[in-house]
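>>> what follows is a protein structure lacking sequence information:
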């Protein structure tokens, strides 16, 4: 096997193992959380995390993207990268302190008009703090992935969920807290792990500030700002509408359904952490062989993600009924549609990298504009009529159109020998195999028969993929023999 490809799948395996362990711990504890926290409590936590994500995402101007991109540019000039990295960190600390001070004076307004009084002024301030800690946590973990330090990343990821879960349960059982247990746990866990990450990455940090390096980073990340704003609006508008139309409980159901669908994203992220550096390295080779290697890896990566996605679509009903109480069962109708949001984004894993490599980030904007306009319009139409299912449909449709626009520009600025019809057939295959899922969910047949039917459908999808060469059996067998050193 090609050493780069072998390294890709070794790292992907490590990332996925960490994700699997983390997700496993999260789901094992769900029966506890759902007995002590109500759907409304989950709704408050969801809004808490959402505001922190939005506020810090807006003021950070996506500068960590510049740090990641220029790590590869200055790979052989460590001194230059240290200056750029330190400059960006100093900028972020300054902008977070300034923004937090301003937020203090408008937090009461945000509580009343954004969240209908459901989040207090104090929770909004804690939310911003949580967002700052979370942004810096992701900043440093992104730096780890650029360095291909998969094992360290895995340890940090597992520690995150262990600490967070342990502290949440401690506050629930010892202090009888509900949603505040999860809020305090997030804040304490992120603080501890951020300190650890700073220590791990200390060789890339000094106190030198360079105006030219900041200008370079902002110039790179500036085209991402509108896309970032649109993306954050995209992730927020549905929750705010659900809260205003149907109350906190509907936000809880929706968030809970997304919690199961997001397993697909975890798997995608574990692959992307190895895929993105490989793509950029291959793209820099600028040969036909390297381009063919990118396409080859993309299709095999895509099919594996889709197997996970279809598995979640098929068995989300059983998972939710097994791990939660009857009060949370409505969440299962969100999962199948929301999974498509992530499956459509598989194309984005290719197209966004094409645009980043070509340094044409401005062309990410058209897709973002189309996406948010569609998302808002569809949410306004569908949420009042169909609630959480309507929000899921709006999200999936907007994601599809957005990724098609991104794909168009990606292939325009960095063309690859990719067969568009092959991609279309793969998605058509997914649709055909998942169409029966809602009739099966709504039927009264025995759950064992349901599981059997879903098992046959999943096996059929895998067999069809093998026969159409979306997956290489010889290649797969080789992967299973790899030893992680």
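Sure, I can see it. Model, not experiment: these values are computed from the prediction. Residues are numbered from 1 along each chain as shown.
>>> residues near residue 188, how many?
Applying other CB atoms under 10 Å, we find 16 residues neighbouring residue 188. Any C-beta I mention is one placed from the backbone N, CA and C, and that applies to glycine too.
>>> what of residue 320?
24.
>>> what's the answer for residue 41, then?
For residue 41, the neighbour count with other CB under 10 Å is 21.
>>> which ones are touching it?
For residue 41, the set of contacting residues under the criterion of CB atoms under 8 Å, 6 or more residues apart in numbering consists of 178-179, 252.
>>> so it is in which element?
Residue 41 belongs to helix 39-59 when elements are defined using DSSP states H and E.
>>> what's the helix or strand following that helix packed up against?
As assigned by DSSP H and E, the chain's next helix or strand after helix 39-59 is helix 63-73. Counting contacts by 3 or more CB pairs under 8 Å, 6 or more residues apart in numbering; DSSP states H and E, helix 63-73 is packed against helix 78-113, helix 121-146, helix 211-221, helix 248-285.
>>> centre of the chain to the second one, how far?
If I follow you right, that is helix 121-146. Once both centres are worked out by CA atoms, centre = their mean, to the nearest Å, helix 121-146 turns out to sit 14 Å from its chain's centre.
>>> likewise the first one?
Centroid separation between helix 78-113 and its chain, computed with CA atoms, centre = their mean, is 22 Å.
>>> pull out the buried positions in it.
By neighbour count on 16 or more other CB atoms under 10 Å, the buried set for helix 78-113 is 81-92, 95-96, 99-100, 103, 107, 110-111.
>>> repeat that for stretch 261-273.
With burial defined by 16+ other CB under 10 Å, the residues of stretch 261-273 counted as buried are 261-273.
>>> check stretch 138-157 too.
Of the residues in stretch 138-157, those buried by neighbour count under the rule 16+ other CB under 10 Å are 139-146, 148-150, 152-154, 156-157.
>>> residues in contact with it?
Surrounding stretch 138-157, the residues in contact under the criterion CB under 8 Å, 6+ apart are 7, 10-11, 14-15, 17-19, 22, 64, 67-68, 71-72, 85, 89, 92, 193-194, 196-198, 200-201, 204, 273-274, 276-277.
>>> average model confidence for it?
Per-residue pLDDT over stretch 138-157 has a mean of 91.
>>> all helices for the stretch 301-450 of the chain, in order.
Per DSSP state H, counting those that start in this stretch, the stretch 301-450 of the chain has helices spanning 335-358, 365-413, 420-434, 437-442, 447-467. These are given in chain order.
>>> of these, which is nearest residue 189?
Between residue 189 and those, the shortest separation by CB to CB is 24.9 Å, and it involves helix 335-358.
>>> can you spell out which helices and strands pack onto the closest one?
Checking 3+ CB pairs under 8 Å, 6+ apart, helix 335-358 ends up next to helix 248-285, helix 288-323, helix 365-413, helix 420-434.
>>> what residues sit buried inside it?
Of the residues in helix 335-358, those buried under the neighbour-count criterion (16+ other CB under 10 Å) are 335-358.
>>> same question, stretch 247-258
Judged by neighbour count using 16+ other CB under 10 Å, the buried positions of stretch 247-258 are 248-258.
>>> same deal with stretch 380-396?
Taking 16+ other CB under 10 Å as the neighbour-count basis, stretch 380-396 is seen to contain the buried residues 382-383, 387-396.
>>> quick revisit: so which of the helices of the stretch 301-450 of the chain gets nearest residue 299?
Between residue 299 and these, the tightest spacing by CB to CB is seen for helix 420-434, at 7.1 Å.
>>> setting aside sequence neighbours, what's the nearest residue to residue 214?
In space, not counting the residues next to it along the chain, residue 214 is nearest to residue 87; the distance is 5.0 Å by CB to CB, 6 or more residues apart in numbering.
>>> quick one, phi psi at residue 208?
For residue 208, the backbone dihedrals are phi -90, psi 130 (criterion: degrees, to the nearest 10).
>>> list the contacts of it.
82-83, 86-87.
>>> would you turn the residues you listed into JSON lines with distance to residue 54 and pLDDT?
Rendered in JSON lines, the data for the contacts of residue 208 read as follows (distance: CB to CB, whole Å; pLDDT from 0 to 100):
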{"residue": "82", "distance to residue 54": "31", "pLDDT": "94"}
{"residue": "83", "distance to residue 54": "30", "pLDDT": "95"}
{"residue": "86", "distance to residue 54": "27", "pLDDT": "96"}
{"residue": "87", "distance to residue 54": "25", "pLDDT": "96"}
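>>> out of the residues you listed, which comes closest to residue 214?
The closest of the contacts of residue 208 to residue 214 turns out to be residue 87 (CB to CB; 5.0 Å).
>>> now do stretch 75-93: everything it contacts.
When contacts are defined by CB under 8 Å, 6+ apart, stretch 75-93 is touched by residues 60, 63-64, 66-67, 70-71, 74, 135-136, 139, 143, 203-210, 213-214, 216-217.
>>> just the buried ones from those residues?
Members of the contacts of stretch 75-93 that pass the buried threshold by neighbour count (16+ other CB under 10 Å) are listed as 60, 63-64, 66-67, 70-71, 135-136, 139, 143, 204, 210, 213-214, 216-217.
>>> how far does stretch 190-209 sit from the chain's center?
With CA atoms, centre = their mean, you get 23 Å for stretch 190-209.
>>> can you get me the start-to-end distance on it?
26 Å (CA to CA, to the nearest Å).
>>> just use 41 as the starting number from now, easier for me
With the count now opening at 41, the last piece we talked about shows up as stretch 230-249.
>>> mind checking the pLDDT average for it?
94.
>>> check stretch 104-115 too.
Computed over stretch 104-115, the mean pLDDT rounds to 87.
>>> what's the answer for stretch 310-320, then?
Over the span of stretch 310-320, the pLDDT mean works out to 80.
>>> and stretch 431-447, by the same measure?
When pLDDT is averaged along stretch 431-447, the result is 92.
>>> residue ranges with poor pLDDT in the chain?
Low-confidence segments of the chain, defined by pLDDT under 70, are located at 41-49, 52, 266-267, 271, 274, 511-525.
>>> ok so, going back, what would the contacts of residue 81 look like in JSON lines with distance to residue 342?
Listed next are these as JSON lines, based on distance: CB to CB, whole Å:
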{"residue": "218", "distance to residue 342": "41"}
{"residue": "219", "distance to residue 342": "38"}
{"residue": "292", "distance to residue 342": "32"}
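>>> from those residues, which is closest to residue 322?
residue 292 (43.3 Å).
>>> OK, contacts around the closest one?
Taking CB under 8 Å, 6+ apart as the contact definition, residue 292 lies against 78-83, 86, 368.
>>> same thing but 10 Å
Shown here is residue 292, whose contacts under the criterion CB atoms under 10 Å, 6 or more residues apart in numbering are 77-87, 282-283, 367-368, 370-371, 428.
>>> sorry, back to before: of the contacts of stretch 178-197, grab the buried ones for ChimeraX.
Typed into ChimeraX, the next command selects the buried ones out of those (criterion: 16+ other CB under 10 Å):
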select :47,50,51,54,55,57,58,59,62,104,107,108,111,112,125,129,132,233,234,237,240,241,244,313,314,316,317
